[in-house]
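Colleague: quick one: sequence plus predicted model below, questions after.
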Protein chains: 2
Amino acid sequence: MVAVTSANAAEQERPARVSGIDKIERRRVALAESALKTLGELGYARTSLREIANNSEFTHGVVHYYFRDKIDLISYCVRYYKTKCARRYDEVVETATSGEELVTGFLAKMTQTLVDETPMHKLWYDLRAQSMFEEQLRPDVEAIDKLLEEMIWRILGRYADLTATTPTVDAPTAYALIDGLFEQAVVGYAANPDKTPDLLTDRLLQVLPKLVAA
Amino acid sequence: MVAVTSANAAEQERPARVSGIDKIERRRVALAESALKTLGELGYARTSLREIANNSEFTHGVVHYYFRDKIDLISYCVRYYKTKCARRYDEVVETATSGEELVTGFLAKMTQTLVDETPMHKLWYDLRAQSMFEEQLRPDVEAIDKLLEEMIWRILGRYADLTATTPTVDAPTAYALIDGLFEQAVVGYAANPDKTPDLLTDRLLQVLPKLVAA
DNA sequence: GAGATTTCTTGACAAGTGTCAAACAAAGTC
DNA sequence: GACTTTGTTTGACACTTGTCAAGAAATCTC
């Protein structure tokens, strides 16, 4: 069970017996997972606490027992989510023994998560947009963005190693470029689920070689 | 006065005297402009029709007199907005006489609109995210995305001409890359308005040369 | 200027929201 | 087994939302 730590320090208030503290955490995780399902389908704006409760085995009162308010819940969900998403390519990075193998594995994993976890990605881009208007979301969004940037940077660094080259762009740039392509794919996936993964692969193949040089 | 045409054909219902038809259009544009101001500040989700009316010289009933419902208004706003945004770089493209001049002009215009029209850009990325959940927004969002892609492609094509090179990526890829950088800047602008424009410039300078080759 | 038409204001409606509190059930403590 | 603590349900609250309709005001037509 992952202990989701706060990015803006604000929930060591509910006392709770010491023996039950991770039972509480378990419940919060269950709530969060259920909430994430609903959020991924409806998006941030259209998801109400009651809707979250309805799509779970709990009642709407329970939500409020475990979370101070809506932002607290969403914020917790986001932090929970980030612990799962940024390590997605680690195995590929560690096991690949050639540049080509790394690229192949990376592309496979990326198109796979595009298809398998579309709602989560939609939610992420939604939340990042919301963070421009809702200040309370910003710290969490920034933290995830940083995590994703590091993820991309690890991949690119390893790719450079394997191909005896060096990156030609810095980490934020590399992240923005690849994220731009991926977001385009996530948005396009709704309209064209069949062709989008191949298009993403094709476009990444156009770009990746340009990000390194001897 | 711009006649905003419908992307999903659905507003030739209100009869209205022939002489007054563009008076109606004028009112709609005034409403739309006011709505865009509010939308840019609050974002799609947090903007209500009443809030739009309050920030305008009209009452909330008028909004309903000129627009069937909320989506109709937002949709109109989006279409109105797009007529203004996609021609932003045309002058630079047409007047530049060297690659360097084009790049300089392009970067200047882009950082300028980042700073001067932040709310509009925030709204655009918000709306694009919402379109993943709200199907009714999709046609309009797709249309704008296409317009922006063509805009980027014109710039890159001209840049290639001026430098006697050819683009090394296709239009959707080029758009996704540059848009990724710009979105990163828009999101980052809230947290760091001082440094973000320079960072954007720096990153674009890293990328642009890689998008063409002899 | 009378009468018809268009435009706008106002107030209401049903539905949905986040929040909370009081009653109830379960579990743990001595 | 009584009693306290913890967990859950239920129903209510104040408020906001989109939508609409009835009537007042302004405008146009003749």
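Modeller: In hand now; what should we look at?

Colleague: domain parsing for chain A?
Modeller: Per the record, chain A has its domains at A:18-75, A:86-213, by automatic domain parsing.

Colleague: and those domains, which is most packed in?
Modeller: domain A:86-213 (a mean of 18; mean count of other C-beta atoms under 10 Å in any protein chain shown). C-beta here means a position set from N, CA and C on the backbone, and glycine is covered the same way.

Colleague: that one vs DNA strand D: in contact?
Modeller: No - using C-beta under 7 Å from any atom of the strand, we find that domain A:86-213 stays clear of DNA strand D, coming within 13.4 Å at best.

Colleague: that domain: how far from the chain's middle?
Modeller: Distance of domain A:86-213 from its chain centroid, counting by C-alpha atoms, centre = their mean, to the nearest Å, is 11 Å.

Colleague: do stretch A:207-214 as well
Modeller: Per C-alpha atoms, centre = their mean, the centroid offset for stretch A:207-214 relative to its chain is 25 Å.

Colleague: that one near chain B anywhere?
Modeller: Yes - judged by C-beta under 8 Å from any C-beta of the partner chain, stretch A:207-214 comes into contact with chain B at A:207, A:210-211.

Colleague: can you give me the helices for chain A?
Modeller: Per DSSP state H, chain A carries helices over the ranges A:21-42, A:49-54, A:60-66, A:70-85, A:90-95, A:99-116, A:118-130, A:138-162, A:171-191, A:196-207.

Colleague: quick one, what contacts residue A:42?
Modeller: A:51, B:133 (C-beta atoms under 8 Å, 6 or more residues apart in numbering or on different chains).

Colleague: also residue A:63?
Modeller: A:31, A:49, A:52-53, A:73.

Colleague: what pLDDT is listed against the closest residue to residue A:85 other than its chain neighbours?
Modeller: Sequence neighbours aside, residue A:120 is the residue nearest to residue A:85 in space, at 7.2 Å (criterion: C-beta to C-beta, 6 or more residues apart in numbering or on different chains). Note for residue A:120: predicted pLDDT of 91.

Colleague: same deal with residue A:4?
Modeller: Residue A:4 carries a pLDDT value of 53.

Colleague: again with residue A:20
Modeller: pLDDT at residue A:20 comes out at 54.

Colleague: can you redo the domains of chain A as JSON lines with distance to residue B:45?
Modeller: Compiled in JSON lines, those are given as follows (distance: least, C-beta to C-beta, whole Å):
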{"stretch": "domain A:18-75", "distance to residue B:45": "3"}
{"stretch": "domain A:86-213", "distance to residue B:45": "7"}
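
Colleague: lowest-confidence stretch among the ones you listed?
Modeller: Looking at the domains of chain A, the weakest mean confidence is domain A:18-75, a mean of 87.

Colleague: now the phi/psi pair for residue A:68, please.
Modeller: Per-residue torsions, residue A:68: phi -60, psi -50 (degrees, to the nearest 10).

Colleague: these two touch, right, residue A:147 and residue A:86?
Modeller: Yes - under the criterion of C-beta atoms under 8 Å, residue A:147 makes contact with residue A:86 at 4.0 Å.

Colleague: quick one on the thing from earlier: figure out which of the helices of chain A is closest to residue B:100.
Modeller: helix A:171-191 (20.4 Å; C-beta to C-beta).

Colleague: among the contacts of residue A:63, which one lies nearest to residue A:96?
Modeller: Using C-beta to C-beta as the measure, the one of the contacts of residue A:63 that approaches residue A:96 most closely is residue A:31, at 37.5 Å.

Colleague: next up, the contacts around the closest residue to that closest one other than its chain neighbours.
Modeller: Distances taken as C-beta to C-beta, 6+ apart put residue A:66 closest to residue A:31, at 5.8 Å, once the chain neighbours are dropped. Counting by C-beta under 8 Å, 6+ apart, residue A:66 makes contact with A:24, A:27-28, A:31.

Colleague: ok, back up a step: just give me the closest of the residues of stretch A:207-214 next to chain B to residue B:180.
Modeller: Distance to residue B:180, by C-beta to C-beta, is smallest for residue A:207 among those, at 10.4 Å.

Colleague: for residue A:103, see how far away that closest one is.
Modeller: 11 Å (C-beta to C-beta, to the nearest Å).

Colleague: over to residue A:175?
Modeller: For residue A:175, the distance to residue A:103 (C-beta to C-beta) stands at 17 Å.

Colleague: what of residue A:174?
Modeller: Separation of residue A:174 from residue A:103 (C-beta to C-beta): 14 Å.

Colleague: closest residue of chain A to chain B?
Modeller: residue A:180 (1.9 Å; C-beta to the nearest C-beta).

Colleague: so residue A:50 touches residue A:61, yeah?
Modeller: No - counting by C-beta under 8 Å, residue A:61 is not a contact partner of residue A:50; they are 10.3 Å apart.

Colleague: ok, the residue of chain A closest to chain B touching residue B:183?
Modeller: Yes - counting by C-beta under 8 Å, residue A:180 does reach residue B:183; the two are 7.0 Å apart.

Colleague: who in chain A is up against DNA strand C?
Modeller: A:17, A:19-20, A:47-51, A:60-61, A:64, A:68-71.

Colleague: quick check, stretch A:23-32 touching DNA strand D?
Modeller: Yes - applying C-beta under 7 Å from any atom of the strand, one finds that stretch A:23-32 is in contact with DNA strand D at A:23-24, A:27.

Colleague: just to revisit the earlier point, closest to residue A:141 out of the contacts of residue A:63?
Modeller: Of those, the one sitting nearest to residue A:141 (C-beta to C-beta) turns out to be residue A:73, at 15.6 Å.

Colleague: what sits against the closest one?
Modeller: Counted by C-beta under 8 Å, 6+ apart, residue A:73 has contacts A:31-32, A:35, A:49, A:52, A:63, A:67.

Colleague: farthest-separated two in those?
Modeller: Farthest pair in those, by C-beta to C-beta: A:32 and A:49, 12.9 Å.

Colleague: ok, residue A:137 to residue A:131 distance?
Modeller: In terms of C-beta to C-beta, residue A:137 sits 4 Å off from residue A:131.

Colleague: for DNA strand C, see how far away residue A:100 is.
Modeller: Going from residue A:100 to DNA strand C by C-beta to the nearest atom of the strand, to the nearest Å gives 48 Å.

Colleague: residues in contact with residue A:165?
Modeller: A:212-214.

Colleague: roughly how far does it sit from residue B:63?
Modeller: Distance from residue A:165 to residue B:63, counting by C-beta to C-beta: 57 Å.

Colleague: pull the contacting residues for the residue nearest to residue A:85.
Modeller: Contacts here follow C-beta under 8 Å, 6+ apart; on that basis residue A:120 touches A:36, A:40, A:81, A:85.
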